[in-house]
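Peer 1: I would like the atomic coordinates for the input below:
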Amino acid sequence: MCKWSINLHTRFATYHEDVDLGSLSLTYLVPKFHLPAHGIKCQAQYSFNYTRGVGRTHGETVEQEWAYINLAALSTREMGPGARHSALDDSWGGWNWKKTLGLGERGDILWLGMVLTYHWPLIGSLLEKNLSKAVEMKSKQRQVADDFTTTFPQETIQAWSRMIKNWEADASYPNPYISKERGRFFPNHRVNASHCSLLLASKVSEVRLRLTQEEAAEAAKGKESPHEVSASVFIRMGLELEDQQYVSALNQYI
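Peer 2: As a prediction, this is how the structure comes out:
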């Protein structure tokens, strides 16, 4: 997608003059399972997660029937080209029909001018279940997002929101999901461990202060630590070790 979309308009103008892509608004995305194989820049530019209006679409549905169609290999491998084409076409048609039946509990079909109501054992409630799950998860994720947002200054949130809105309206604006600052986890830059630590310094300092105060209160009551290393120091060392492991893994990935 990130390659052939570059010259898509030019090639359609050359080989498909009857199709006017200029009248269409096209959004190019890479399905989620395939996206990690691309570079960091592609992952930010062609991600379903960063595209407005797609919800939790993954773009891999067309791949899901391979597990089903693989069973046809035992018979189609003995067929000639024409018979194999027809057999596979029928198999995929069956898959699509079963999926259609699974979208709702009942439905009407038009056959020879008559409306027939069908009831099949394969009838499901896929749309209903997905909608119920979407409503539930929207509430949960909204709460998580709101809680996370409150940890940043309001002016920072407003600046980020403007960047996202500008980019969504016009892709010529800088992609807000690709940082240009050296030392961040983005293209062509190594991750700087000290810089990452500074980003969390304020929160870590708050936690460290609270732990120190709790230890002082315990000591005032005559309770001493049974270990040479206090709980606060132990936790701080663990967090620092975790940061180092995270940065090391990112540098290897980049």
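Peer 1: helices along this protein, start to end?
Peer 2: In order along the chain, the chain carries the following helices (DSSP state H): 8-15, 40-45, 66-69, 73-76, 81-101, 126-149, 154-169, 193-199, 201-220, 231-253.
Peer 1: same list, the ones you listed, but as JSON lines with mean pLDDT please.
Peer 2: Converted to JSON lines, these look like this (pLDDT from 0 to 100):
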{"stretch": "helix 8-15", "mean pLDDT": "82"}
{"stretch": "helix 40-45", "mean pLDDT": "80"}
{"stretch": "helix 66-69", "mean pLDDT": "84"}
{"stretch": "helix 73-76", "mean pLDDT": "88"}
{"stretch": "helix 81-101", "mean pLDDT": "88"}
{"stretch": "helix 126-149", "mean pLDDT": "87"}
{"stretch": "helix 154-169", "mean pLDDT": "90"}
{"stretch": "helix 193-199", "mean pLDDT": "48"}
{"stretch": "helix 201-220", "mean pLDDT": "75"}
{"stretch": "helix 231-253", "mean pLDDT": "76"}
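Peer 1: which of those helices sits most buried?
Peer 2: helix 40-45 (a mean of 18; mean count of other Cβ atoms under 10 Å). Heads up, the C-betas are built off the backbone N, CA and C, glycines and all.
Peer 1: ok, residues contacting stretch 83-98?
Peer 2: Residues external to stretch 83-98 that are found in contact with it (Cβ atoms under 8 Å, 6 or more residues apart in numbering): 65, 68-69, 72, 75-76, 79, 122.
Peer 1: now, which of these sits nearest Ala249?
Peer 2: Ranking these by separation from Ala249, with Cβ to Cβ as the measure, puts Glu65 on top at 34.8 Å.
Peer 1: re the thing from before, closest one of the contacts of stretch 83-98 to Gln244?
Peer 2: Compare each of the contacts of stretch 83-98 with Gln244 using Cβ to Cβ and the shortest gap goes to Glu65, at 44.1 Å.
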